[in-house]
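Participant: how would this look folded up:
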Amino acid sequence: MDDLTGGEPGPEMSGLGVAAVARRLGVAPSTLRTWDHHYGVGPTGSGSERQHRYTPADVARLKTMQQMISAGAPPAEAAEAVLRTPHGQEQEPQSHDAAAHRALDISATEHAASLASRIRNLADAAMELDELVMTGILESALRQEGVTATWEQVIAPVLVDLGSRHSTTGEYIEVEHLLSAVVSRCLLAVTSPQAQFSAGRLRSPVVLACAPDEEHTLPLLVLAAALAETGAARLMLGARVPSAALAAAVKRSGARAAFVWSQTSETGDPSWLTDLAATNPALQVVVGGPGWDREGLPPGVPFTASVSMALGTLLAAASY
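Facilitator: Residues are numbered from 1 along each chain as shown. Coordinates of the predicted model:
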């Protein structure tokens, strides 16, 4: 069972290996190794023959880090936060610390109010088909919050609300299309195409593609912009990418990580991913989107439920 505090005694007593922890968190094992090697958030237990084991406290710490990243925190900041407050240890009360925590609480409250205002203003501008106002709101959010946080905390809530309105009324398709177009233009302007290669922070690009016959590309644009923001190279193949074309792009570019999006169940058959992984043993395939048959995903192909999770997994797999 997933609850580390309940159930009968099991492997938790002696610790869990990286593969078991990765399954519990829904990430690739390479992501955990990166968090350990780059940020120091790793196993504190030990076993024979150098086989490190994760204790329940280690897993709880990783879950906290994963939640912070999913909320938009950069991995380095999330790691620093969880390491600064070890599980099972209480900080000694200090007046200065108490004041600092109160200041952080006020800052968090103000930030939440700012996000709520952005969401409300963006939704209103979208309903009024005010392209200029939408552009201004998004450009400001991208500058201040970054790509991942802007998508997950501002844009996605508005799109979800529009989807609900459409389901209820059958209307507002034009609103969703215009907002998506404005979002796409703003994302393309985040980083120039040349910047992704000048940084040289990856030995090979991350390949981004829609599943065969899938036409929804906006999530790929978000991920491409988020990668560019880190200085990582990427190849954006776009919509309706045949499996053979994706395999050829991976081979020609030397990519070690690829992300594939499926929006609808008609495009979510994962059976072809087995051949892609088999013909490219060094490739880490990562998928996202509500269309995938998650039960049918090949072993070693993680499903990512957010941009921040996909970003961390892809950068780890590409030796970032």
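Participant: for the closest residue to Asn280 other than its chain neighbours, give me the pLDDT.
Facilitator: For Asn280, ignoring the flanking residues on the chain, the nearest one in space by C-beta to C-beta, 6 or more residues apart in numbering is Val250 at 5.4 Å. To be clear about C-beta, it is placed using only N, CA and C from the backbone, and glycine gets the same treatment. In this model, Val250 is scored at 94, pLDDT.
Participant: check contacts around Val250.
Facilitator: 207, 258, 276, 280, 283 (C-beta atoms under 8 Å, 6 or more residues apart in numbering).
Participant: how about the secondary structure of the first one?
Facilitator: Here Val207 is recorded as strand under DSSP: H, G, I helix; E, B strand; the rest coil.
Participant: give me the neighbour count for it.
Facilitator: Using other C-beta atoms under 10 Å, Val207 has 24 other residues around it.
Participant: just to revisit the earlier point, which of the contacts of Val250 scores worst on pLDDT?
Facilitator: Among the contacts of Val250, Asn280 has the lowest pLDDT, at 86.
Participant: how many neighbours does it have?
Facilitator: Look at Asn280: counted by other C-beta under 10 Å, it has 17 neighbours.
Participant: backbone dihedrals for it, please?
Facilitator: phi -130, psi 80 (degrees, to the nearest 10).
Participant: mind checking how far it is from Ala232?
Facilitator: 19 Å (C-beta to C-beta, to the nearest Å).
Participant: which stretches of this protein form helices?
Facilitator: Listed in chain order, the helices of the chain (DSSP state H) span 18-25, 29-39, 56-70, 75-84, 95-127, 131-145, 147-150, 156-169, 173-188, 195-198, 218-230, 243-253, 271-279, 307-317.
Participant: tell me which helix or strand of this protein sits lowest on mean pLDDT?
Facilitator: The weakest-scoring helix or strand in the chain, judged by mean pLDDT, DSSP states H and E, is helix 195-198 (a mean of 46).
Participant: and the residue lying closest to Glu77 once chain neighbours are set aside, how far is that from Thr313?
Facilitator: Spatial nearest neighbour of Glu77, excluding adjacent residues (C-beta to C-beta, 6+ apart): Met68 at 7.7 Å. Taking C-beta to C-beta as the measure, Met68 and Thr313 are separated by 15 Å.
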